[in-house]
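>>> just to be clear, the model below is a prediction. Sequence and coordinates:
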Amino acid sequence: MKVRVHVSLKNGVLDPQGRAIHHALEGLGFSGVNDVRAGRLIELDVADSTTDAALDDMCRKLLANQVIENFRIEKVA
Amino acid sequence: MAFTAAVITFPGSNCDRDMAVAIEQITGGTVHRVWHGDAELPSGLDFIALPGGFSYGDYLRSGAMAARSPVMQAVVAAANRGVTVLGVCNGFQVLTEAGLLPGALMRNAGIRFVCRDVPLVVENNQSLFTARYTAGQRIVIPVAHHDGNYFADAETLDRLEGEGRVAFRYADQVNGSQRDIAGVLNAGGNVLGMMPHPERMIEPAHGGSDGRALFESVLAGLNVAA
């Protein structure tokens, strides 16, 4: 089973990388970009028997740092 | 019993030798070098130091992989027993990732790696790590980091301040840290994490020796014969 874990910064947490990307986009002449937030996509290939609880546990114990990040689990196939 | 310390080395640590030399020179004690894959620590430790560097190449998040390594289970258990633990730079990141200290260290607000001597203010001189400083003392200690931007929610920050757990603050804005926090203590006062490198400022040839008092504080506070 293919699983995508989307890790993003929580609202209210300053994102210096997103801000730098935003600045660079403006530097390239792209107008109308209101905000940029940079996150992380982690793709897993796991046994079909892997439970939702186990996936959730993986995110909480390692893949995301819940002090600053949210995560979303997406089953692809 | 002589002062007995351990310096943990992870793949990618690069300040482990400096840390070991600083502890040896200042405390006169024995320093064990411990590898990240070791599941057990030497017995009878007074002090454990997690050094600076780029453990596991900073993969996933700085300190994230190191915090899950075998030796860190033993370090967490030792800290919970009351053993004194110091994490510097990457060591601070590892301590937050391991849950021994609150908050997280994010990418510097200015994006750039910051490598220079910075003035700090000693906020709390009542701790095991800072007793040889005076309250409000300004000291100069070098920083060298990319991810030193301390973040915690407002409630956590208020609690840290209220409980005197902000050990050091940057005198000037360095990396975007919330409330200019440079170093924090755990609730028990036996764990300190800080981004600046006291082990790099222990003799005049380093450009100053403001870091010595931290190690002297620990030695005196633990009351172990040198």
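Arrived safely. Numbers count the residues shown, from 1 in each chain, chains lettered A, B, ... in the order given.
>>> where do the helices sit along the chain?
In the absence of a named chain, this looks at chain A. If you assign secondary structure with DSSP state H, the helices in chain A sit at A:16-27, A:52-58.
>>> should've been chain B
Using DSSP H, the helices assigned to chain B run over residues B:16-27, B:64-67, B:70-81, B:90-97, B:154-162, B:212-222.
>>> got JSON lines for the ones you listed, with mean neighbour count, mean pLDDT and distance to residue A:54 too?
Where C-beta positions appear, they are placed from N, C-alpha and C, glycine not excepted. Shown next, in JSON lines, are these (neighbours: other CB atoms under 10 Å in any protein chain shown; pLDDT from 0 to 100; distance: least, CB to CB, whole Å):
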{"stretch": "helix B:16-27", "mean neighbour count": "20", "mean pLDDT": "97", "distance to residue A:54": "35"}
{"stretch": "helix B:64-67", "mean neighbour count": "24", "mean pLDDT": "97", "distance to residue A:54": "19"}
{"stretch": "helix B:70-81", "mean neighbour count": "17", "mean pLDDT": "97", "distance to residue A:54": "20"}
{"stretch": "helix B:90-97", "mean neighbour count": "29", "mean pLDDT": "98", "distance to residue A:54": "21"}
{"stretch": "helix B:154-162", "mean neighbour count": "14", "mean pLDDT": "97", "distance to residue A:54": "29"}
{"stretch": "helix B:212-222", "mean neighbour count": "21", "mean pLDDT": "96", "distance to residue A:54": "42"}
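>>> got JSON lines for those helices, with distance to chain A too?
Compiled in JSON lines, the helices of chain B are given as follows (distance: least, CB to the nearest CB, whole Å):
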{"stretch": "helix B:16-27", "distance to chain A": "24"}
{"stretch": "helix B:64-67", "distance to chain A": "7"}
{"stretch": "helix B:70-81", "distance to chain A": "13"}
{"stretch": "helix B:90-97", "distance to chain A": "7"}
{"stretch": "helix B:154-162", "distance to chain A": "9"}
{"stretch": "helix B:212-222", "distance to chain A": "26"}
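>>> helix or strand with the lowest mean pLDDT in chain A?
Least confident helix or strand of chain A, by mean pLDDT, DSSP states H and E, is helix A:16-27 with a mean of 93.
>>> ok, and what's touching that helix?
Contacting residues not belonging to helix A:16-27 are listed as A:9, A:33, A:35-38, B:106-111, B:149, B:176 [CB atoms under 8 Å, 6 or more residues apart in numbering or on different chains].
>>> residue with max distance from the center of chain A?
Distance from the C-alpha centroid of chain A, by CA atoms, centre = their mean, peaks at residue A:29 (26.5 Å).
>>> now that one. Its backbone dihedrals?
Backbone torsions for residue A:29, taken as degrees, to the nearest 10, come to phi 100, psi 0.
>>> could I get the pLDDT score of it?
Per-residue confidence at residue A:29 stands at 97 (pLDDT).
>>> how deep is residue A:48 tucked in, by neighbour count?
By other CB atoms under 10 Å in any protein chain shown, the residues close to residue A:48 number 5.
>>> in this structure it contacts residue A:1, no?
Yes - between residue A:48 and residue A:1 a contact is recorded at 5.0 Å, counting by CB atoms under 8 Å.
>>> ok, and the closest non-adjacent residue to the residue in chain A positioned nearest to chain B?
Residue of chain A nearest chain B, by CB to the nearest CB: residue A:67 (4.3 Å). The shortest distance from residue A:67 to any residue other than its chain neighbours is 4.3 Å, reached at residue B:104 (CB to CB, 6 or more residues apart in numbering or on different chains).
>>> beta-bridge partners for that neighbour, please?
Counting by DSSP bridges, residue B:104 is bridged to residue B:151.
>>> residues in contact with it?
Residues in contact with residue B:104, defined by CB under 8 Å, 6+ apart, are A:65, A:67, A:68, B:96, B:97, B:150, B:151, B:152.
>>> quick one: closest of the helices of chain B to residue B:137.
Set against residue B:137 and scored by CB to CB, those come closest in helix B:212-222, at 8.9 Å.
>>> list of residues touching that closest one?
If you take CB under 8 Å, 6+ apart as the criterion, helix B:212-222 is touched by B:3, B:22-23, B:26-27, B:29, B:46-47, B:84, B:86, B:127-133, B:139, B:198, B:201-203, B:226.
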